[in-house]
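1. Model the structure of this input:
(one chain, ligands or ions: 1)
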Amino acid sequence: MNLGERVHEIAQQEAGRIAYTFMGKDTTYGEFDQSVSKFAGALQDLGVEKGDHVAFLLSNTPHFLISLYATLRLGATAVPVNPIYSPDEIAYIVNNSDAKVVIALDALLPLVEKAHQALPAVETYVICETDPSTAEKMAQLPEAVKGKVRSFTQLLTTSNAFGGTADISQDDNAVILYTSGTTGKPKGAMLTHGNLYSNAQDVAEYLQITPDDRVVATLPVFHVFALTVVVNAPLLQGATIVLVPRFTPQDVFAATKATKATVFAGVPTMFNFMYQLPDVDPSDFASVRLAISGGSAMPVALLHNFEDKFNVRISEGYGLSEASPVTCFNPIDRERKAGSIGTSITNVENKVVNELGDEVPVGEVGELIVRGPNVMKGYYKMPEETQAAIKDDWLYTGDLAKVDEEGYFYIVDRKKDMIIVGGYNVYPREVEEVLFAHPAIVEAAVVGLPDADFGESVNAYVVLKDDSVSIEELQEYCAEHLAKYKVPRHMEILNELPKNTTGKILRRSLKDQAVKK
Ligand SMILES: Nc1ncnc2c1ncn2[C@@H]1O[C@H](COP(=O)(O)OP(=O)(O)OP(=O)(O)O)[C@@H](O)[C@H]1O
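-> Here you go, the predicted structure:
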């Protein structure tokens, strides 16, 4: 069984069940399956065969769901790319992935027009219309590009359905996902059909997603967290996806209220924006039985505040692109531990090891490594990086963690972000947790900077609710809660913190800016 077959099976058994809802319109599994077959037929007519690569420059609209499942049905490989990357970033990924077809939102038409010469391997651009003026704009394209451009809507209405069944094995690539480059140049993690199916199934079981669930999809779908947790896992269960095209707290509350959504998944900054929104009526969120946090560390103070305000349980999990992504989650039917990423999900093993790769005792910090059917095949065209990441079937995550007696894991921080002050280790996260617990602080990030006396120093950047507190007072507050060497030497108040499009705070940007000063 694979993802495509499973969705087809649900459509055969319960065609009238709602697969997704978008802008107030419901689409049934029967209709979804039909669109997938037709679009797979269209891709086939465009020359896409098993093993070919198709890049997506799409956001949270039905185009993504149809394109993904059509590509999978043909046995081709999907390469979801963040559509708001710069033209150079997009060109790098599209070229590196050897994509033959690019499926793009119409807003990217100017980019297609400009960038097509830099993308020699791309034979066709399929443009997804969301604006009535798109057809006219397509007609006015220069001849050299026009010949390569097709309309998604037209292909969907005029193509014959793909009637065949691609011969897909568990080890075939389903998706190549480029890591966002928070810590370096994007690398394409090759995730197989087996990887994606098993992780979606294990997550769905572990979080008890049922066919009656309505799962809010506002996390960007081109990112691995969304792909498994709010796209594949609900579809495997025959549940309903509530597509929210662009995250705003207002849109999420409106969508949960209108659809009586039962599951919400977000990164911590989303929870923070929702919590901070003034005049919110918590009853708008009352239908949500489970809130899922992942992608970066959920500050403990925010977890408690959010749970109290909205009377909902937050289950924090952990993962990375290379692991499809989920390895741990706080369980639904057992204790949820604040500050922990929970226990290993079914079929996946997590272990904390020292520099030699030996498991460390309970409570001791080491690198988190992962083994299971979710671990990627490798990085596309990067055998050396693959060898460095996977040793004896264990994926080295680059994250420091510890585990308790009950098997709950705690992410201490990224290995690369650890600060060494005069020989002492400081994990930015523990300083951030203290800052987050201060009532005047809305956001906080901590980075290490070179220091002539101590090698490195601790530096904090905060966003404040108001000006009720000074930097000196915040430093005094830190001194009350932290050992002296962990207290930020330098603190700065900013209007906002730099974030990537998934909402993760970019410590590296803060560091780069500080070094340039
Ligand atoms: N619950 C969590 N707590 C702390 N960190 C988390 C959590 N969930 C995910 N992360 C962090 O996110 C990382 C995985 O993110 P992802 O695969 O999206 O790549 P990225 O970090 O955005 O980009 P890059 O790999 O290029 O740095 C993990 O390795 C970990 O550092």
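
2. residue contacts, Leu320?
-> Leu320 makes contacts with 179, 224, 327, 397, 399, as judged by C-beta atoms under 8 Å, 6 or more residues apart in numbering. C-beta coordinates here come from the backbone N, C-alpha and C atoms, glycine included.

3. ok, the first one touching Pro186?
-> Yes. When contacts are counted by C-beta atoms under 8 Å, Thr179 is listed as touching Pro186 (5.7 Å).

4. Looking at the two, which is more packed in?
-> Pro186 (21 against 17; other C-beta atoms under 10 Å).

5. So in the protein, which helix runs the longest?
-> Looking across the chain with DSSP state H, the single longest helix is helix 29-45.

6. Tell me the helix or strand right after it.
-> strand 53-57 (DSSP states H and E).

7. Give me the helices and strands touching that next one, please.
-> Contact partners of strand 53-57 among helices and strands, from 3 or more C-beta pairs under 8 Å, 6 or more residues apart in numbering; DSSP states H and E: helix 62-74, strand 77-80, helix 87-97, strand 101-105.

8. What residue in the protein is the furthest from its centre?
-> Asp453 (39.2 Å; C-alpha atoms, centre = their mean).

9. In three-state terms, label Leu219 for me.
-> coil (DSSP: H, G, I helix; E, B strand; the rest coil).

10. and it, what does it touch?
-> Taking C-beta under 8 Å, 6+ apart, one finds 225-226, 229-230, 247, 265-267, 270, 295, 502 in contact with Leu219.

11. and what of Gly164?
-> Applying C-beta under 8 Å, 6+ apart, no residues qualify as near Gly164.

12. what about Val145, which helix or strand?
-> Applying DSSP H and E, one finds Val145 within helix 143-146.

13. what do you get for Gln475?
-> Per DSSP H and E: helix 471-481 holds Gln475.

14. Which other helices and strands does that helix contact?
-> helix 428-436, strand 455-464, strand 490-493.

15. Tell me which residue of the stretch 401-517 of the chain lies closest to the ligand.
-> Ile411 (3.9 Å; C-beta to the nearest ligand atom).

16. on that earlier part again, can you name the residues in contact with the helix holding Val145?
-> By C-beta under 8 Å, 6+ apart, the list of residues contacting helix 143-146 reads 112-113, 116, 125, 138-139.

17. among these, which are in reach of the ligand?
-> Of the residues in the contacts of helix 143-146, proximity to the ligand by C-beta under 6 Å from any ligand atom holds for none.

18. From these, list the buried ones, please.
-> 112-113, 116, 125, 138 (16 or more other C-beta atoms under 10 Å).

19. my guess is the residue of the stretch 401-517 of the chain closest to the ligand meets Pro428, correct?
-> No. Using C-beta under 8 Å, Ile411 makes no contact with Pro428, being 11.6 Å away.

20. Quick one: residues contacting the residue in the stretch 1-150 of the chain positioned nearest to the ligand.
-> Closest residue of the stretch 1-150 of the chain to the ligand, C-beta to the nearest ligand atom: Asn82 (10.7 Å). Residues near Asn82 by C-beta under 8 Å, 6+ apart: 89, 180, 220, 222-223, 501.

21. any idea which element it lies in?
-> Using DSSP H and E, Asn82 falls outside every helix and strand.

22. From Leu497, how far off is it?
-> Separation of Asn82 from Leu497 (C-beta to C-beta, to the nearest Å) stands at 19 Å.

23. where in the stretch 151-300 of the chain is pLDDT low?
-> By pLDDT under 70, the weakly predicted segments of the stretch 151-300 of the chain are 180-184.

24. quick one, helices of it?
-> Remark: helices assigned in the stretch 151-300 of the chain by DSSP state H, counting those that start in this stretch are 152-158, 193-206, 224-226, 233-237, 249-259, 268-276, 300-310.

25. Would you check how far apart Thr192 and the ligand are?
-> The gap separating Thr192 from the ligand is 17 Å, by C-beta to the nearest ligand atom, to the nearest Å.

26. ok so, going back, and the helix holding Val145, what's its mean pLDDT?
-> Per-residue pLDDT values over helix 143-146 give a mean of 89.

27. who's in contact with Phe285?
-> By C-beta under 8 Å, 6+ apart, the neighbours of Phe285 are 253, 256-257, 264, 310, 312.

28. if you set the cut-off to 10 Å instead, what comes out?
-> Residues in contact with Phe285 (C-beta atoms under 10 Å, 6 or more residues apart in numbering) are 252-253, 256-257, 261, 264, 274, 291, 306, 309-312.

29. Most neighbours among those residues, which one?
-> Phe264 (31 neighbours).

30. in the sheet, who's paired with that residue?
-> Val216, Ala291 (DSSP bridges).

31. Please report the distance of it from the ligand.
-> According to C-beta to the nearest ligand atom, Phe264 stands 16 Å off from the ligand.

32. Surely that residue and Leu290 touch.
-> Yes. Assessed by C-beta atoms under 10 Å, Phe264 is found in contact with Leu290 at 7.6 Å.

33. so what sits against both of these two?
-> Taking C-beta under 10 Å, 6+ apart as the criterion, Phe264 and Leu290 both touch 215, 312, 314.

34. Kindly present those residues as a markdown table, with separate columns for distance to Asp358.
-> Shown next, in a markdown table, are those (distance: C-beta to C-beta, whole Å):
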| residue | distance to Asp358 |
| --- | --- |
| Val215 | 40 |
| Val312 | 40 |
| Ile314 | 34 |
